[in-house]
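S.K.: Structural data only, the sequence is not supplied:
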DNA sequence: CTTGACTCCGTACCATGGTACGGAACCTAT
DNA sequence: ATAGGTTCCGTACCATGGTACGGAGTCAAG
């Protein structure tokens, strides 16, 4: 597949692919004819990058994980470490978001049009 | 309180306060003597900014909310709208993070040192 | 009344994660 | 074989949310 097809399959822009290549997250196949052809492994990596991002990994960390994927025992330990650290961060973040959601719900309730009372935006976040 | 005390109370750097001032999120009191003195209202706004950020609002949106806080009926409607939109985004984000967490848990499990099997980093995210 | 810390302010710089530009080469369908 | 769309690549630019610098002024304690 061409870079355009890869981009489409990964639901990103062509320029984003090139950006990931510059970061070393996706390889740069040799040209076949005048054009570089990408395979399913590239798409797999691309998808992993996007999934990793939603997990909150930085591109640098994702790059490390991609390298570790091929690795041996040392890689295994490090990958596990990264995963556990991120899991803890996610747990904390999820808790934060739950609290934020509750505050927003309060805000929306108190600012409903039917309610004639005050609409205390700051107070909704108990600040 | 001085800007340094405000920063400390808000657990941010002095430069961050100044940055927020430039963005209009926090006021710039007139000088008393040679120095600007901040009050509890400033701290309240500062705390709201940080809370808003954890809720995923951009600084621009937070600025709008701060302006709306003083407003009338039109403000109420808009504030409610922003809150509901953000709530939906949060629900989606929380769901994503839950999935990501599950993937990480799988990754950590499969890459445990005691396990002699493969440590399929990419596969943990089913990419 | 000096010394050291803090403040003020403008401006510059930074990291992250992209997005855009533009000219040359190439590929495909008509 | 030629036009229109892609690709290639280097380089520039962008938004967001800060962080740092540097010189002049100010304040507080000894």
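M.R.: Done, it's in. Every value quoted in this text rests on a predicted model; they were computed, and no experiment measured them.

S.K.: What helices and strands are in contact with the helix ranked longest in chain A?
M.R.: Looking across chain A with DSSP state H, the single longest helix is helix A:73-110. Packing partners of helix A:73-110 (3 or more Cβ pairs under 8 Å, 6 or more residues apart in numbering or on different chains; DSSP states H and E): helix A:59-68, helix A:121-124, helix B:40-54, helix B:73-110. Using the backbone N, CA and C atoms, a C-beta is placed for each residue, glycine as well.

S.K.: quick one: stretch A:20-30 near DNA strand D?
M.R.: Yes - using Cβ under 7 Å from any atom of the strand, we find that stretch A:20-30 touches DNA strand D at A:22, A:28.

S.K.: Return the residues in contact with residue A:26.
M.R.: Residue A:26 sits next to A:17, A:20, A:42, A:45, A:46, A:49 when contact means Cβ atoms under 8 Å, 6 or more residues apart in numbering or on different chains.

S.K.: ditto for residue A:50
M.R.: A:10, A:11, A:12.

S.K.: pLDDT at it, what is it?
M.R.: Residue A:50 carries a pLDDT value of 98.

S.K.: do residue A:114 as well
M.R.: Note on residue A:114: pLDDT of 71.

S.K.: Can you name the residues of chain A that neighbour DNA strand D?
M.R.: Residues of chain A lying close to DNA strand D by Cβ under 7 Å from any atom of the strand are A:2, A:3, A:4, A:5, A:14, A:18, A:22, A:28, A:31, A:34, A:35, A:36.

S.K.: returning to what we had before: quick one: distance of the longest helix of chain A to the chain centre.
M.R.: Helix A:73-110 sits 13 Å away from the centroid of its parent chain (Cα atoms, centre = their mean, to the nearest Å).

S.K.: that older thread, can you go through the residues of chain A next to DNA strand D and name the buried ones?
M.R.: Using 16 or more other Cβ atoms under 10 Å in any protein chain shown as the burial test, the residues of chain A next to DNA strand D include A:3, A:36 as buried.

S.K.: In helices only, show me the residues of chain A next to DNA strand D.
M.R.: Checking these against DSSP H, those in helices are A:3, A:4, A:5, A:14, A:18, A:22.

S.K.: okay, these in JSON lines with pLDDT and distance to residue B:101 next?
M.R.: Below are those laid out as JSON lines (pLDDT from 0 to 100; distance: Cβ to Cβ, whole Å):
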{"residue": "A:3", "pLDDT": "97", "distance to residue B:101": "32"}
{"residue": "A:4", "pLDDT": "97", "distance to residue B:101": "34"}
{"residue": "A:5", "pLDDT": "97", "distance to residue B:101": "32"}
{"residue": "A:14", "pLDDT": "98", "distance to residue B:101": "32"}
{"residue": "A:18", "pLDDT": "98", "distance to residue B:101": "31"}
{"residue": "A:22", "pLDDT": "97", "distance to residue B:101": "30"}
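
S.K.: Can you give me the distance of the residue nearest the centre of chain A to DNA strand D?
M.R.: Nearest to the mean C-alpha position of chain A, counting by Cα atoms, centre = their mean, stands residue A:53 at 1.4 Å. Between residue A:53 and DNA strand D the computed distance is 15 Å (Cβ to the nearest atom of the strand, to the nearest Å).

S.K.: buried residues in the longest helix of chain A?
M.R.: Quick answer for helix A:73-110 (16+ other Cβ under 10 Å): A:75-80, A:82-83, A:86-87, A:89-90, A:93-94, A:97, A:100-101, A:103-104, A:106-108, A:110.

S.K.: Contacts only, for residue A:20.
M.R.: Residues near residue A:20 by Cβ under 8 Å, 6+ apart: A:26, A:46, A:49, A:59.

S.K.: farthest-separated two in the residues you listed?
M.R.: Farthest pair in these (Cβ to Cβ) is A:46 and A:59. Separation: 12.4 Å.
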